[in-house]
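**Student:** Here is my input, please return the structure:
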Amino acid sequence: MIYEGDKVRVDIPDRDDPDFNLHREKGTIIDVIEDDASEFTGDERDSKLFRVELETGEIVDVRWRDLRPI
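**Tutor:** The predicted model follows:
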């Protein structure tokens, strides 16, 4: 499980993914946002969106499947 304050690496290896430019970026979880995406996907884990402050200072929102703890 990933929590606020955890260090993570973004893992999006699919070059066709619109967020591929984030692949291998490292950062820290600064917020966990609840939403209703799980109602559409059927996967309860999708009900959380992780706000990550990258080492570059950029802030991005990422789903659990695209994050790896470091």
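**Student:** Now for the protein, the helix or strand with the poorest mean pLDDT.
**Tutor:** helix 37-41 (a mean of 79; mean pLDDT, DSSP states H and E).
**Student:** Downstream of that one, the next helix or strand is which one?
**Tutor:** The first helix or strand that comes after helix 37-41 along the chain, using DSSP states H and E, is strand 48-54.
**Student:** average pLDDT for that next one?
**Tutor:** Mean per-residue pLDDT for strand 48-54: 96.
**Student:** Relative to it, what are the paired strands and their orientations?
**Tutor:** Using DSSP bridges, the strands paired with strand 48-54 are strand 26-34 (antiparallel), strand 59-62 (antiparallel).
**Student:** In TSV: these, plus distance to Asp11, mean neighbour count and mean pLDDT.
**Tutor:** Using the backbone N, CA and C atoms, a C-beta is placed for each residue, glycine as well. Putting the strands paired with strand 48-54 into TSV (distance: least, C-beta to C-beta, whole Å; neighbours: other C-beta atoms under 10 Å; pLDDT from 0 to 100) gives the following:
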stretch	distance to Asp11	mean neighbour count	mean pLDDT
strand 26-34	11	14	97
strand 59-62	10	16	97
